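Asks: Just a sequence and a predicted model for now, questions to come.
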Amino acid sequence: MRVHWLQHVPFEGLGRIEDWLRQKQSKVNGTRFFESDELPDPHQVDFLIVMGGPMSVNDEEEFPWLRREKEFIRQCIRLGKSVLGICLGAQLIANAMGARVYRNLYKEIGWFPVQGIPSNNRSLFRFPPAFEAFRWHGETFDLPPGAARLASSEGCENQAFQLGRSVIGLQFHLETTPETARELVRHCREELAPSKYVQSEEVILGAPEERYRAIHALLFQVLSFLTDTAG
């Protein structure tokens, strides 16, 4: 399986996704937009993974590569490739496919409950009725045309969506490890101003090991679901 991933800042990598890809013996390449905006031929990609970052999808003047990135995502989706977007990545998918991205009513940073949306549609990924996931975002998105909402929360209506059979966007982070959580806190500590859905550094980094195990198990389910249709 030929995997290409898009990275926006050095401190937001693949996290636990990297271990899963290694287990599957995938051929993995990436574009690091903070170094180069060179992108492959989308026909040569089976599975595209779009990671997070502190910028907005609307910051095209400051980050001109966002335009090319959105077009690349759009091409991959139209070619029927498997695509996973996480946080900014989900917002990029939504925006690339015609949806609006804007400031959420609440900034969400930390570990908070998420509710899966029940569905009888077997082509949709089904999240558990309730689970806890790690979040770090201040913006949200409308669902792109034709997308189904997969998960929601009290502080953010659109927590996950699916477009067709092979595209999923997650506003939350299932790939987070204790190390990647520490990196986020280290680089973005100034965002931890106390509010309704912003936890302290101590609470964020004090998450028990079983919480990480739970989100990683769910992550692997999402990856397996998407790659059923990959090359």
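Replies: Received it, and whenever you're ready, just let me know what you need.
Asks: where does residue 105 fall, phi/psi-wise?
Replies: When read as degrees, to the nearest 10, the backbone of residue 105 gives phi -60, psi -40.
Asks: which element is residue 113 on?
Replies: Element membership for residue 113 (DSSP states H and E) is strand 101-116.
Asks: Would you mind measuring from the most centrally placed residue in the chain to residue 149?
Replies: Residue closest to the average C-alpha location in the chain (Cα atoms, centre = their mean): residue 86, at 0.5 Å. Distance of residue 86 to residue 149, given as Cβ to Cβ, to the nearest Å: 17 Å. Every residue, glycine included, has its C-beta placed from N, CA and C.
Asks: again with residue 167
Replies: On the measure of Cβ to Cβ, residue 167 and residue 149 end up 14 Å apart.
Asks: how about the nearest residue to residue 167, chain neighbours excluded?
Replies: In this structure, residue 167 finds its nearest non-sequential neighbour in residue 83, 4.5 Å apart by Cβ to Cβ, 6 or more residues apart in numbering.
Asks: now residue 171
Replies: Closest to residue 171 by Cβ to Cβ, 6+ apart is residue 159, at 4.8 Å.
Asks: Could I get the contacting residues of that neighbour?
Replies: 114, 133, 150-153, 170-172 (Cβ atoms under 8 Å, 6 or more residues apart in numbering).
Asks: Surely residue 130 touches residue 116?
Replies: Yes. Counting by Cβ atoms under 8 Å, residue 130 touches residue 116, with 7.4 Å between them.
Asks: out of the contacts of residue 159, which is most surrounded?
Replies: residue 171 (32 neighbours; other Cβ atoms under 10 Å).
Asks: Got phi/psi on it?
Replies: Main-chain torsions, residue 171, degrees, to the nearest 10: phi -80, psi -20.
Asks: quick one: contacts for residue 67?
Replies: Residues in contact with residue 67, defined by Cβ under 8 Å, 6+ apart, are residue 60.
Asks: before we move on, the earlier item: pretty sure the residue nearest to residue 167 sits against residue 72.
Replies: No. In this structure residue 83 lies outside contact range of residue 72 using Cβ under 8 Å: 10.4 Å.
Asks: Before I go, just wanted to say thanks for your time.
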